[in-house]
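Enquirer: Provide a 3D model corresponding to the input given below.
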Amino acid sequence: MMRSLWTAASGMIGQQTNLDVIANNLSNISTTGYKTQAANFKSLIYQNLQTRATTTTGEPKPVGAQVGLGTRVGSISSDFTQGPLLTTNGAFDYAIQGEGFFMVRLNDGSTAYTRNGHFVVAVTDTGLAMTDSSGNPVLDTAGNPITLPANYRATELGVDQHGNLTYPDARNNQQNIGIQIGLAYFPNAGGLDKISGSNYAQSEASGVPTIYAAPDLNSKIVSGRLEGSNVQAADEMVNMIISQRAYEMNSKAIKASDEMLQQANNLRS
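Expert: Predicted coordinates:
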């Protein structure tokens, strides 16, 4: 009887983690570049009550007798499907249509990867620099921070669908200035470590990134838009109800096991 108590308890713990993931999805439903997550479960080890043997007539039994010992969360995976492209009024808002991640240089010198293209042009000691909203420099296809001379006007800068920075010439026609926003591609994006600010960090599971220009990934950089969260509110609400019901059923299994133990303790010879 004790086996059922621990088995049901593992189910309650697993569903609590599942609910934590669902709550995080709902809380980030308006977060730019957020990718929905899902808890994936796996069964725990099985206990052999009876191994395959023979029947009373000496014939081999087709199956044995095994009982499961519960469940646990095997992984929490991210869904990297394209989010909606939302029109904004930001002069340096960019959305990736397709694969890839923007790259930003953090204060500790490491590189973070993000789908949040809400950038600004900041004034530095040497001129202008394209950064994210936290002041982290955006990197180009060579992995270097994007900087511009001080004589450039930020209001006249542009970015085409290939990520090339453009600036008007003497005839006021936008021309490439030889700087291109880089996009990082990972062999296993699901293995990225999630850090704050809608950023991801490289891990052993994700593999080493390769830096591309947008056309090399068959992607486009869309100006004046941001990629919204791909969380589907209706799906998350349904998942929350399912998780709640599973939690309740496991709690009832614990209650039923407890009542059966009480009845066994009250038996009189």
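Enquirer: Now do the same contact list for Gly98.
Expert: By C-beta atoms under 8 Å, 6 or more residues apart in numbering, Gly98 lies in contact with Gln82, Ala214, Leu217, Asn218, Ser219, Lys220. Quick note: C-beta positions are derived from backbone N, CA and C, even for glycine.
Enquirer: so how many other residues sit close to the last one?
Expert: For Lys220, the tally of surrounding residues (other C-beta atoms under 10 Å) stands at 17.
Enquirer: which residues does it form a beta bridge with?
Expert: Gln97 (DSSP bridges).
Enquirer: And the helices in the stretch 101-250 of the chain, which stretches?
Expert: Residue ranges of the helices in the stretch 101-250 of the chain, as given by DSSP state H, counting those that start in this stretch, are 233-265.
Enquirer: packing partners for the helix or strand of the chain with the lowest mean pLDDT?
Expert: Sorting the helices and strands of the chain by mean pLDDT, DSSP states H and E puts strand 46-50 at the bottom, at a mean of 78. Secondary-structure packing of strand 46-50 (3 or more C-beta pairs under 8 Å, 6 or more residues apart in numbering; DSSP states H and E): strand 65-68.
Enquirer: Next secondary structure after the strand it packs on?
Expert: Beyond strand 65-68 in the direction of the C-terminus, DSSP states H and E gives the next helix or strand as strand 71-78.
Enquirer: Please report the number of neighbouring residues for Asp216.
Expert: 14.
Enquirer: So, low pLDDT: which residues of the stretch 151-269 of the chain?
Expert: 268-269 (pLDDT under 70).
Enquirer: Now a PyMOL select for only the buried ones of the contacts of Gly98.
Expert: To isolate the buried ones among the contacts of Gly98 in PyMOL, judged by 16 or more other C-beta atoms under 10 Å, type:
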select buried, resi 214+217+219+220
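Enquirer: quick check, nearest of the contacts of Gly98 to Ala184?
Expert: Ala184 lies nearest to Leu217 out of the contacts of Gly98, by C-beta to C-beta, at 9.7 Å.
Enquirer: check contacts around Asn199.
Expert: Contacts of Asn199 (C-beta under 8 Å, 6+ apart): Val104, Ala112, Tyr113, Thr114, Asn116.
Enquirer: thought the third one was touching Ser206?
Expert: Yep, that's Tyr113 we're talking about. No: the pair Tyr113 / Ser206 is not scored as a contact, 9.0 Å apart, by C-beta atoms under 8 Å.
Enquirer: list residues touching both of the two?
Expert: In contact with both Tyr113 and Ser206: Phe186, Leu192, Tyr200, using C-beta under 8 Å, 6+ apart.
Enquirer: in stretch 153-171, what counts as buried?
Expert: Quick answer for stretch 153-171 (16+ other C-beta under 10 Å): Leu157, Gly158, Val159, Gly163, Asn164, Leu165, Thr166, Tyr167.
Enquirer: circling back to that earlier point, which ones among the contacts of Asn199 lie within strands?
Expert: Using DSSP state E, the members of the contacts of Asn199 that fall in strands are Val104, Ala112, Tyr113, Thr114.
Enquirer: circling back: same list, the contacts of Asn199, but as CSV with neighbour count and distance to Gln37 please.
Expert: Listed next are the contacts of Asn199 as CSV, based on neighbours: other C-beta atoms under 10 Å; distance: C-beta to C-beta, whole Å:
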residue, neighbour count, distance to Gln37
Val104, 24, 22
Ala112, 25, 18
Tyr113, 24, 17
Thr114, 22, 16
Asn116, 23, 16
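Enquirer: Which residues does stretch 77-86 contact?
Expert: Outside stretch 77-86, the residues touching it (C-beta under 8 Å, 6+ apart) are 33-38, 40, 95, 97-98, 115, 189-190, 192, 194, 222, 225-230.
Enquirer: Would you mark the buried spots in that stretch?
Expert: Buried residues in stretch 77-86 (16+ other C-beta under 10 Å): Ser78, Phe80, Gly83.
Enquirer: Between the two ends of it, how far is it?
Expert: Distance across stretch 77-86, first residue to last, is 25 Å (C-alpha to C-alpha, to the nearest Å).
Enquirer: And stretch 100-112, by the same measure?
Expert: OK, stretch 100-112 end separation, C-alpha to C-alpha: 13 Å.
Enquirer: Kindly report the same for stretch 160-169.
Expert: Termini of stretch 160-169 sit 15 Å apart (C-alpha to C-alpha).
Enquirer: Having no further points to raise, I will conclude here.
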